[in-house]
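Participant: sequence and predicted structure below; questions after.
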Amino acid sequence: MNVTTRATVQEIREVTPSLFLVTLRPETIRPWDPGMFLQLTLEDVDWSRPWPPSKPFSFASWGGDHIRLLIRKEGQFTSRLIENARPGLTLTVKYPFGDLVLDRPAKYCLVAGGAGISPFLSFLDFYLGRELTLPAVVIHSIRRREELVSEIYWEKIPDSIKILPRVTGEYPPPDPDRRLDISAALREAGVRDDTWQFVVSGPPQFAAKYGRSLSDAGFKHIQLESWQGGVVGSFQPGPAEGVLQT
Ligand SMILES: Cc1cc2nc3c(=O)[nH]c(=O)nc-3n(C[C@H](O)[C@H](O)[C@H](O)COP(=O)(O)OP(=O)(O)OC[C@H]3O[C@@H](n4cnc5c(N)ncnc54)[C@H](O)[C@@H]3O)c2cc1C
């Protein structure tokens with residue numbers, strides 16, 4: 001059952017001029033699973049009033065009495081949010097939502113493009129909070145080193161989680177054509193057999209491309225998550241093209 005509740009901005013941290021970590025403290029707490037998302041509106045409303053324009057954001061944290069979001073300042077909504085956010089500002093959130101749930105006991109190989117790392121940050125919190133020990137791999141392809149998962153995650157990442165950074169904007173590029181070479185990354189991470197559960201999160205082209213590569217390489221357990229024009233999409237690689245299911 002989801003809840004509509006006021007949430008106060010506690011902290012806003014600029015990672016780079018276009019990427020921000022925003023910490024909210026909701027009045028009412030509802031537990032959420034790693035990978036899920038909330039709806040956020042910039043207005044201060046209660047559940048009985050019509051719901052104003054809002055946008056979905058993945059939880060970038062898990063557990064506790066606060067919610068952290070990783071926000072890419074992109075268009076109208078996120079620009080207004082970042083320009084107005086200051087400690088003490090009251091917003092309204094509705095949560096939790098979503099089918100991407102990373103709470104199963106599995107060996108996860110998480111592949112993120114850019115701010116697509118956001119749901120995986122909630123997985124890292126969950127992993128630490130639940131004291132998990134199964135191996136996990138996070139491959140993060142990003143243009144700027146300052147935005148890497150190892151730079152923006154707030155806790156110490158345990159040794160059982162292998163982080164593979166691919167900073168595609170640096171010279172010389174880590175992989176050919178400034179694009180993540182997923183086969184090389186998997187070899188480096190020792191991900192070889194079908195006992196791994198893959199999740200790819202990022203822009204639609206990123207998710208489709210790497211979902212197809214994993215499928216072509218013979219991996220079976222692949223889930224793709226992407227954000228497209230405010231609509232949640234989950235790609236399932238099919239025989240021809242990745243199919244966007246909404
Ligand atoms: C389930 C889910 C989870 C999400 N989680 C996150 C998250 O954790 N972090 C996050 O940052 N985002 C997340 N998103 C995306 C987020 O909801 C917003 O859609 C996104 O931030 C863009 O919102 P915006 O209003 O700022 O940009 P928009 O105004 O929607 O613009 C988006 C892009 O389109 C371009 N654009 C807009 N209008 C035009 C135009 N007329 N012509 C040409 N280009 C145009 C903008 O420049 C921008 O690049 C998520 C989305 C979903 C569905």
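Facilitator: Ah, there it is.

Participant: every contact and neighbour count from this point should use C-alpha atoms.
Facilitator: Will do.

Participant: check contacts around the residue lying closest to residue 7 once chain neighbours are set aside.
Facilitator: Spatial nearest neighbour of residue 7, chain neighbours left out: residue 26 (3.9 Å); criterion: CA to CA, 6 or more residues apart in numbering. Going by CA atoms under 8 Å, 6 or more residues apart in numbering, residue 26 touches 5, 6, 7, 8, 65, 66, 67, 93.

Participant: residue 6 and residue 90 touch, don't they?
Facilitator: Yes - if you go by CA atoms under 8 Å, residue 6 and residue 90 touch, sitting 6.5 Å apart.

Participant: okay, domains of the chain per the record?
Facilitator: Residue ranges for the domains of the chain, per automatic domain parsing: 3-97, 107-245.

Participant: mind putting the ones you listed into JSON lines with distance to the ligand and mean pLDDT?
Facilitator: Formatted as JSON lines, these follow (distance: least, CA to the nearest ligand atom, whole Å; pLDDT from 0 to 100):
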{"stretch": "domain 3-97", "distance to the ligand": "3", "mean pLDDT": "96"}
{"stretch": "domain 107-245", "distance to the ligand": "4", "mean pLDDT": "88"}
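
Participant: this structure: strands as residue ranges?
Facilitator: For the chain, strands defined by DSSP state E occupy the ranges 3-16, 19-26, 37-41, 55-58, 67-72, 90-97, 107-113, 136-142, 161-167, 196-202, 222-228, 231-237, 242-245.

Participant: what comes into contact with the fourth one?
Facilitator: Contacts with strand 55-58, where a contact means CA under 8 Å, 6+ apart, come from 35-41, 69-71, 77, 118-119, 230.

Participant: buried subset of those residues, written for PyMOL?
Facilitator: Applying 16 or more other CA atoms under 10 Å to those, the buried members can be selected in PyMOL as follows:
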select buried, resi 35+36+37+38+39+40+41+69+70+71+118+119
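
Participant: just to revisit the earlier point, of the contacts of residue 26, just the buried ones, PyMOL syntax please.
Facilitator: Buried residues within these, by 16+ other CA under 10 Å, are selected in PyMOL with:
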select buried, resi 5+6+7+8+66+67+93
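
Participant: for the contacts of residue 26, which two are the farthest from each other?
Facilitator: Greatest spatial distance among these (CA to CA): 65 and 93, at 14.0 Å.

Participant: burial measure for the closest residue to residue 164 other than its chain neighbours, as a count.
Facilitator: Residue nearest to residue 164 in three dimensions, not counting chain neighbours: residue 139, with 4.7 Å by CA to CA, 6+ apart. Residues lying near residue 139 (other CA atoms under 10 Å) number 23.

Participant: give me every residue that touches residue 139.
Facilitator: Residues in contact with residue 139 (CA under 8 Å, 6+ apart) are 109, 110, 111, 112, 163, 164, 165, 166, 185.

Participant: save the residues you listed as JSON lines, and put in neighbour count too.
Facilitator: As requested, the contacts of residue 139 are exported to JSON lines (neighbours: other CA atoms under 10 Å):
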{"residue": "109", "neighbour count": "22"}
{"residue": "110", "neighbour count": "24"}
{"residue": "111", "neighbour count": "27"}
{"residue": "112", "neighbour count": "27"}
{"residue": "163", "neighbour count": "19"}
{"residue": "164", "neighbour count": "19"}
{"residue": "165", "neighbour count": "19"}
{"residue": "166", "neighbour count": "24"}
{"residue": "185", "neighbour count": "18"}
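
Participant: what bridges to residue 90?
Facilitator: Beta-bridge pairing for residue 90 (DSSP bridges): residue 8.

Participant: ok, it to residue 75 distance?
Facilitator: Distance from residue 90 to residue 75, counting by CA to CA, to the nearest Å: 21 Å.
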